[in-house]
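Trainee: from the sequence below, what's the structure:
(one chain, ligands or ions: 1)
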Amino acid sequence: MKRTYPDYYQQFRCIADRCGHNCCVGWEIDIDGGTLRRYLRMKGPMGERLRQSIEITADGASFAADAEGRCPLLNANGLCDLIADQGEKALCQICRDHPRFRNRLRDREEIGLGLCCEAACRLILGNGEKPGLITEDDGRSKAAPGGAEQRWLDARDHLFDLIWTPSLDIDSCLSLAMSRYYGISRVPYTSRYWSRFFLSMEHMEPSWIERLKKLHDRKSQYMTIPPSDDDGQLRRLATYFIYRYAVHGWKRRRSQHNSCVAFAALSVYMIYLIGKETGDLYEAARQYSAEIEYSDINVEKLLDKFDRYAEEYI
Ligand code: SF4
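Mentor: Presented below is the predicted three-dimensional model:
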């Protein structure tokens with residue numbers, strides 16, 4: 001089996017009590033079946049506490065958050081009591097994995113760090129230089145990727161090359177990527193249109209709504225980024241979204257209009273615009289990811305929007 005990951009992946013360390021947006025607050029933390037059985041059998045005071053902290057419904061088991069949305073095992077110092085008592089091996093799958101994501105392809109597993117974690121966000125935006133992908137092969141891969149899958153892996157390599165074209169600024173690079181893989185050279189509609197669209201989607205943090213409203217009230221503009229010598233972090237953002245999503249292109253109905261590429265481009269523009277407004281690109285990226293990327297409903301809504309646009313106008 002092959003295993004592919006970005007070159008910054010191994011540097012990730014959770015900053016735990018120093019994290020300003022702890023992932024144990026405000027998220028529903030589901031408990032997988034194997035871990036649930038282990039927790040239900042666990043002896044001693046921690047076993048007792050775990051059983052009091054779990055909520056089981058028809059949809060499955062999760063930790064019952066308190067009134068402030070905090071995981072019941074997160075202590076006042078921002079550390080996990082379960083890890084302190086039993087070690088990391090006691091965590092459920094979601095807590096062990098976060099903020100890592102996995103994409104399973106035919107002959108490999110692709111892994112990466114999710115942008116919604118502020119420690120991961122620093123690594124993803126990095127120093128503005130082109131990130132590399134590392135592939136390990138244990139020599140036991142059974143099958144090569146199928147035709148469509150290999151086509152999209154090749155297309156993704158081409159997209160990385162487009163995004164890092166040295167003679168072009170990020171705006172022109174995104175335009176080329178859109179043109180080649182979605183069918184038009186610009187993300188359609190204006191900043192005001194998109195901020196209104198985002199306001200209609202599900203959200204978590206009130207500050208996200210405030211930021212979208214501010215963007216909405218600004219002079220409306222087409223989705224563009226002015227040329228700058230310092231756009232490496234935006235290129236790294238585009239690379240992140242393409243690495244994570246573009247391979248799903250072939251799974252969608254209209255693969256000649258890869259809406260995942262349009263979603264990647266829109267994400268870079270929105271993060272850029274909100275970062276420009278607040279002066280903090282890292283926080284704009286982290287919050288965009290938490291609000292949009294980590295909601296399956298929101299991602300699907302955006303992909304559907306681009307699917308329908310392509311169907312009607314391209
Ligand atoms: S969001 Fe990231 S850095 Fe913060 S507590 Fe979670 S894993 Fe750690």
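Trainee: so which strand or helix has L212?
Mentor: Assigned by DSSP states H and E, L212 falls within helix 206-217.
Trainee: an error on my part: the question was meant for V268.
Mentor: helix 259-278.
Trainee: can you pull the buried residues of the following helix or strand past the helix holding L212?
Mentor: Sequence order places helix 232-245 as the next helix or strand after helix 206-217, per DSSP H and E. Buried residues in helix 232-245, counting neighbours by 16 or more other Cβ atoms under 10 Å, are found at 232-245. C-beta here means a position set from N, CA and C on the backbone, and glycine is covered the same way.
Trainee: which residue does the stretch 101-250 of the chain bring closest to the ligand?
Mentor: Ranked by Cβ to the nearest ligand atom, the top residue of the stretch 101-250 of the chain for proximity to the ligand is C117, at 3.2 Å.
Trainee: next up, the contacts around R218.
Mentor: 191-192, 277 (Cβ atoms under 8 Å, 6 or more residues apart in numbering).
Trainee: how far away is it from E210?
Mentor: Per Cβ to Cβ, to the nearest Å, R218 is found 13 Å from E210.
Trainee: how about A16?
Mentor: Applying Cβ to Cβ, the value for A16 to E210 is 28 Å.
Trainee: what segments of the chain are strands?
Mentor: Ranges of strands in the chain, per DSSP state E, are 2-6, 30-31, 54-57, 60-63, 100-104, 108-113, 133-137.
Trainee: Serialize the ones you listed to TSV and add fields for mean neighbour count.
Mentor: Putting the strands of the chain into TSV (neighbours: other Cβ atoms under 10 Å) gives the following:
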stretch	mean neighbour count
strand 2-6	18
strand 30-31	20
strand 54-57	12
strand 60-63	19
strand 100-104	13
strand 108-113	19
strand 133-137	12
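Trainee: just give me the neighbour total for the closest residue to L113 other than its chain neighbours.
Mentor: Spatial nearest neighbour of L113, excluding adjacent residues (Cβ to Cβ, 6 or more residues apart in numbering): A120 at 3.8 Å. Number of residues near A120 (other Cβ atoms under 10 Å) recorded here: 25.
Trainee: who touches A120 in this structure?
Mentor: A120 makes contact with 12, 99, 113-114, according to Cβ under 8 Å, 6+ apart.
Trainee: for C23, state which of those residues is nearest.
Mentor: In terms of Cβ to Cβ, no member of the contacts of A120 lies closer to C23 than P99, at 6.9 Å.
Trainee: for the nearest residue to that closest one once chain neighbours are set aside, give me its contacts.
Mentor: Sequence neighbours aside, C117 is the residue nearest to P99 in space, at 3.5 Å (criterion: Cβ to Cβ, 6+ apart). Contact analysis of C117 by Cβ under 8 Å, 6+ apart lists 14, 19, 23, 98-99, 286.
Trainee: tell me the residues of the chain that contact the ligand?
Mentor: 14-16, 19, 21-23, 98-99, 117-119 (Cβ under 6 Å from any ligand atom).
Trainee: list buried residues within those residues.
Mentor: Buried subset of the residues of the chain next to the ligand (neighbour count, 16+ other Cβ under 10 Å): 14, 22-23, 98-99, 117-119.
Trainee: can you give me phi and psi for R218?
Mentor: The phi/psi pair for R218 (degrees, to the nearest 10) reads phi -70, psi 170.
Trainee: can you pull the pLDDT of it?
Mentor: Looking at R218, its pLDDT stands at 91.
Trainee: any idea how far Q287 is from it?
Mentor: Remark: distance between R218 and Q287 (Cβ to Cβ) = 18 Å.
Trainee: do the same with A65
Mentor: Separation of A65 from Q287 (Cβ to Cβ): 20 Å.
Trainee: and if you look at L234?
Mentor: For L234, the distance to Q287 - Cβ to Cβ - is 16 Å.
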